[in-house]
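Novice: Fold the following, please.
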Amino acid sequence: MNLRLNSEFGTLKAVLMHRPGKEIDRLTPYNKNLLLFDDVPYLEAMQKEHDFFTDLIKQTTGAKVYRLHELLIEVLSDQKLLFKLINDALTRGGLSHLTEHLLGRFSTAECATALTAGIKVHELKRKIPKLPLVELMDYTFVIPPSPNLYFQRDPMALTPGGVVFSSMKMEGRQREADLLRSVFENHPEFKDQVKRLYPLDGHDNPPSIEGGDIIVLSSKAVAMGNSERTDAKAIYQVAKSLLSNGTVERVYEVHLPEKRNFMHLDTVFTILDENLVLTYPDALNSVLQTSVYTLKEIDAENKVHIRRTVLKESLLTVLQKEIPYLEILHTADGNPDYSMREQWFDGANVFAIGPRRVISYNRNIHTNRALRNMGVEVLEIPSSELSRGLGGPRCMTMPLSRAKV
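Specialist: Numbering: from 1, shown residues only. Modelled structure (predicted):
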């Protein structure tokens, strides 16, 4: 495993996932919007659906499934890292003075759960009766939960040239990226394989970028969405890192409309094979502005200079150049009513586990039928609760290794 990917569809060998946990039970009708959810899922049913998803991956591909919570516990055996992550989480709420109290009473596994599911004042008081928190109500979070953590695609991305660790747009999700970066840069199984492209060393407040906006078109080309969650400055820096090491020749900046259904580039289309793309009707033609970064020169002082060219063509035209003999399949086979309904539940966001082999929500029946009619093997997972977070099977998975294509 070298933590590089040269395609979106090579046969899956290893993947990172996060089983929904107590952080989902923290959602209420009153805080769900603050925690970036549109609904309040039923945790036990959600876990059963996620377990089905995980088992399906193992049974059909033989791929190794890494669980974030287990990896986090393993790296937290490093006391310095444990202190840093707990202290950073408490500092965000101005409560760094509680770090020693918490670390003195909580086990490593409990600390890992606190970092993902959050922790409230009354939960601290249960173990620390003389907690110096008179001014806070018992049900106040001292560390907020991260209910979006089961969407593992957003906090990082793997490219042909290395790893992009996200700088999340929403403050409520930034700790997700911090946790994944801590795991991969410290876990003995991964740390020697990390070639970090972003953020650059010394950049404490880097421009925002999220993994859902990064799609590998081929071993020589990567597309990144300039969206409500990903900043143009971040795209420029990642493009510079990718082009300078010579693994990629073209980095496309795709300007997405400011609409909810264009939140990330992977809500626009998914690559299922070397010549097949799944999208929803007219989405590719709706993206009218694209740019391409290429390497200009590396000068005598070893400084990298790249060139940005604005393309007067749609995303569809760009894909046709990068993907020979491109075939486009629309969600629900283009039916306007069904495609709109199924796109709400991420019909275009399927997870490719191999060429023309995908995992899809069972509720998107018209899209799944259209895929099968194109010769795609569709494996379905239950989705009544998983879909409430408004993310699809691709969103829930972070491939770590695929067979080269």
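Novice: where does the protein have low pLDDT?
Specialist: By pLDDT under 70, the weakly predicted segments of the chain are 133-134, 259-262.
Novice: Which helix runs longest in the chain?
Specialist: helix 43-61 (DSSP state H).
Novice: So which bits of that helix are buried?
Specialist: 43, 46, 47, 49, 50, 53, 54, 56, 57, 61 (16 or more other CB atoms under 10 Å). Any C-beta I mention is one placed from the backbone N, CA and C, and that applies to glycine too.
Novice: my read: residue 398 touches residue 14, true?
Specialist: No. Look at residue 398 against residue 14 with CB atoms under 8 Å: they stay out of range, at 9.7 Å.
Novice: neighbour count winner among the two?
Specialist: Just comparing residue 398 and residue 14: by other CB atoms under 10 Å the higher neighbour count belongs to residue 398, 23 against 16.
Novice: Strands of the stretch 151-300 of the chain, start to end?
Specialist: 156-159, 162-165, 196-198, 214-218, 221-226, 250-255, 269-273, 276-279, 290-298 (DSSP state E, counting those that start in this stretch).
Novice: Redo the ones you listed as TSV? Include mean neighbour count.
Specialist: TSV is the format used below for the strands of the stretch 151-300 of the chain (neighbours: other CB atoms under 10 Å):
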stretch	mean neighbour count
strand 156-159	25
strand 162-165	24
strand 196-198	21
strand 214-218	23
strand 221-226	25
strand 250-255	22
strand 269-273	23
strand 276-279	24
strand 290-298	17
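Novice: Relative to residue 20, which of those is closest?
Specialist: With CB to CB, the closest approach to residue 20 among the strands of the stretch 151-300 of the chain belongs to strand 156-159: 18.7 Å.
Novice: what does the closest one contact?
Specialist: Strand 156-159 has contacts (CB atoms under 8 Å, 6 or more residues apart in numbering) with 3-5, 163-166, 177, 180-181, 184, 197, 211, 214, 216, 222, 242, 247-248, 398-400.
Novice: on that earlier part again, remind me what the longest helix of the chain packs against, helices and strands.
Specialist: Counting contacts by 3 or more CB pairs under 8 Å, 6 or more residues apart in numbering; DSSP states H and E, helix 43-61 packs against strand 12-17, helix 22-25, strand 64-67, strand 351-354, strand 357-361, strand 377-381.
Novice: Paired strands for the first one, with orientation please.
Specialist: Paired strands of strand 12-17, with direction, are strand 64-67 (parallel), strand 398-402 (antiparallel) (DSSP bridges).
Novice: deepest of the ones you listed, which one?
Specialist: strand 398-402 (a mean of 23; mean count of other CB atoms under 10 Å).
Novice: Kindly export that one (C-alpha atoms) in PDB.
Specialist: Extracted in PDB, the C-alpha atoms of strand 398-402 (Å, rounded to 0.1, in the frame of the first residue of the first chain):
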ATOM      1  CA  MET A 398     -12.000   6.300   1.500                       C
ATOM      2  CA  PRO A 399     -10.200   3.800  -0.800                       C
ATOM      3  CA  LEU A 400      -6.600   3.300   0.300                       C
ATOM      4  CA  SER A 401      -5.500   0.900  -2.300                       C
ATOM      5  CA  ARG A 402      -6.800  -0.200  -5.700                       C
END
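Novice: For it, give me every contacting residue.
Specialist: Strand 398-402 is contacted from outside by 1-3, 5-7, 9-17, 66, 152-153, 155-156, 158, 211, using CB under 8 Å, 6+ apart.
Novice: what about it, distance to the chain center?
Specialist: 12 Å (CA atoms, centre = their mean, to the nearest Å).
Novice: which residues in this protein form helices?
Specialist: Counting by DSSP H, the helices of the chain are 22-25, 43-61, 68-75, 79-91, 99-105, 108-117, 121-127, 174-186, 232-244, 283-286, 315-322, 336-344, 365-373.
Novice: residues in contact with the fifth one?
Specialist: Residues outside helix 99-105 that contact it (CB under 8 Å, 6+ apart): 82, 83, 86, 87, 90, 111, 114, 119, 124, 127, 128, 131.
Novice: now residue 71, nearest residue through space, not along the chain?
Specialist: Of all residues not flanking residue 71 in the chain, residue 183 sits nearest, at 4.9 Å (CB to CB, 6 or more residues apart in numbering).
Novice: Tell me who's in contact with the one you found.
Specialist: Contacts for residue 183 were tallied using CB under 8 Å, 6+ apart; they are 68, 71, 72, 75, 190.
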